[in-house]
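>>> Build the 3D model from these lines:
(one chain, ligands or ions: 1)
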Amino acid sequence: MELGPPFGLQPFEVLFDKSEFNRVLPPGLLAFVGNLGFPPRPAGERPWVFANFVQSLDGLVSFGGRRHSGEWVARSRHDRWMMDLLRAHADALLCGARSLALETLSGSIPGGPVYRIVHPELLRYRQERLGRKKLIVILVTVSGNLRPADYRLFHSEHVEAWIATTPDGRARLGDPGKARVLVTGQGSVFDLGDLLRRLRSEHGIEYLLCEGGPTLYGHLVRGGWVDEKFITVAPQEIGPGIPPEQELTDWEKAGGTPIRPTSFAGTGFTIEEARWYRWVSCRKAGDHEFSRYRAASVGMPVLP
Ligand SMILES: NC(=O)c1ccc[n+]([C@@H]2O[C@H](COP(=O)([O-])OP(=O)(O)OC[C@H]3O[C@@H](n4cnc5c(N)ncnc54)[C@H](OP(=O)(O)O)[C@@H]3O)[C@@H](O)[C@H]2O)c1
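Below you'll find the model as predicted:
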């Protein structure tokens, strides 16, 4: 059966795409999104790590308050579709515990997001053309302050939910139910590098998609473990301060940050150590921009 594009959406306009040739993309999807490929089986000890964020024109990834979810920033069916295409290419998806908690508090669906692939043609593409099994969703909580039973993610048949935590976090964690729990680090200190190595060597995960949030992503970038970043830019400016008329969550009222985040939280780099990327592709759908960047070097490149 032909794996066609989603009903009713105009094709992406491909401005350029210098990624690998994708020989398994069916003609219907190729016509809709253009060529979009990934490097063949990644070498090395860890998975190929690619991240995906949507941000406003002023670089912010969340409205905060009771409007945390990235979908409020995106407001785009093409972005939802692209998110599914990237999920289709991942063996597993990595996500921070605070994103799950905040998006559950502020989302429209009780019990929060499941991080599943919703478009049937992309689910079929994943299974039939890419030969991948059910998407594994790995939730990272360092503290273990998480009650899995409260979240739809841990009851869903559409994904396989895992939890990664520390030894102290494991002791604090509520009943994980059927979720696999990976323990790494010592005491209350999390070892993200060890987790990545074990995902590859013990669980065969070759392509790992990080969907944030900014704290988890910041740790990945500082560790030098991000190979690619996909960014959707939604053409709206939202500003960093949460306006007084917007309702806050209890977490924000109790001292959580009232500043809207960018995609990268925590300690940054000096000019000498800043990470540089190559711009691999750019698409357009309406006035939304879909760009892809691939890690190039550490430190300032020589100017042309
Ligand atoms: N627009 C987008 O594309 C997008 C995507 C994702 C998220 N977001 C937004 O980003 C915001 C949430 O991001 P966030 O930065 O606050 O949280 P986050 O990165 O989702 O989660 C942070 C939590 O993850 C755990 N964690 C993961 N790795 C860690 C590490 N190596 N070291 C220490 N802790 C680690 C900790 O959990 P414990 O506290 O349990 O120890 C920490 O509190 C929300 O507003 C969300 O909607 C936007």
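>>> For the residue nearest to residue 22 when sequence neighbours are not counted, which residues are in contact?
Setting aside the residues directly before and after it, residue 22 is nearest to residue 37 in space (CB to CB, 6 or more residues apart in numbering), at 3.7 Å. Every residue, glycine included, has its C-beta placed from N, CA and C. Contact partners of residue 37, counting by CB atoms under 8 Å, 6 or more residues apart in numbering, are 19-22, 25.
>>> swap the cut-off to 10 Å and go again
Residue 37 sits next to 17-25, 89, 281 when contact means CB atoms under 10 Å, 6 or more residues apart in numbering.
>>> phi, psi of it?
Listed backbone geometry of residue 37 is phi -120, psi 170, with angles given as degrees, to the nearest 10.
>>> mind checking how far residue 176 is from residue 237?
Here residue 176 is placed at a distance of 41 Å from residue 237 (CB to CB, to the nearest Å).
>>> These two: which is more packed in?
Per other CB atoms under 10 Å, whichever of residue 176 and residue 237 has more neighbours is residue 176, with 18 against 10.
>>> Buried ones only from the contacts of residue 37, please, as a ChimeraX command.
The ChimeraX selection below is limited to those of the contacts of residue 37 classed as buried (16 or more other CB atoms under 10 Å):
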select :17,19,22,25,89,281
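>>> Can you name the two of the contacts of residue 37 that sit furthest apart?
The most widely separated members of the contacts of residue 37, counting by CB to CB, are 18 and 24 (18.9 Å).
>>> count of residues packed around residue 244?
Neighbours of residue 244 (other CB under 10 Å): 6.
>>> which SS class is it?
coil (DSSP: H, G, I helix; E, B strand; the rest coil).
>>> list the contacts for residue 210?
Residues in contact with residue 210, defined by CB under 10 Å, 6+ apart, are 49-53, 90, 92-96, 138, 140, 216-217, 219-221, 225-226, 228-229.
>>> So which of these sit within helices?
Those of those mapping onto helices are 216-217, 219-221, per DSSP state H.
>>> Figure out the helix or strand that residue 145 lives in.
Taking DSSP states H and E as the definition, residue 145 sits outside all helices and strands.
>>> That one against residue 101, yeah?
Yes: taking contacts as CB atoms under 10 Å, residue 145 lies within contact range of residue 101: 9.0 Å.
>>> Looking at those two, which is more packed in?
Set side by side, residue 145 and residue 101 give different neighbour counts by other CB under 10 Å, the larger being at residue 101 (19 against 13).
>>> Okay, helices next: where are they in the stretch 201-304 of the chain?
Counting by DSSP state H, counting those that start in this stretch, one finds helices in the stretch 201-304 of the chain at the ranges 214-222, 250-253.
>>> nearest to residue 60, of these?
Nearest of these (CB to CB): helix 214-222, 10.1 Å.
>>> What about the nearest residue to residue 55 once chain neighbours are set aside, how many residues nearby?
Taking CB to CB, 6+ apart, and ignoring the residues beside it in sequence, residue 55 has residue 61 as its nearest neighbour in space, at 5.1 Å. When neighbours are counted by other CB under 10 Å, residue 61 registers 26.
>>> ok, now residue 186?
Neighbouring residues of residue 186 were enumerated by other CB under 10 Å; the total is 10.
>>> what bridges to it?
residue 189 (DSSP bridges).
>>> Do the lowest-mean-pLDDT helix or strand in the chain and the ligand come into contact?
Of all the helices and strands that make up the chain, the one with the lowest confidence by mean pLDDT, DSSP states H and E is helix 250-253; it has a mean of 76. No: residues of helix 250-253 are not located near the ligand by CB under 6 Å from any ligand atom, the shortest gap being 9.4 Å.
>>> returning to what we had before: which of the contacts of residue 210 are buried, as a PyMOL select command?
What follows is the PyMOL syntax selecting those of the contacts of residue 210 that are buried according to 16+ other CB under 10 Å:
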select buried, resi 49+50+51+52+53+90+92+93+94+95+96+138+140+216+217+219+220+221+225+226+228+229
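>>> Within reach of the ligand, which of the contacts of residue 210 are there?
Counting by CB under 6 Å from any ligand atom, the subset of the contacts of residue 210 that neighbours the ligand consists of 53, 96, 140, 216, 219.
>>> That's all I had, so thanks and see you.
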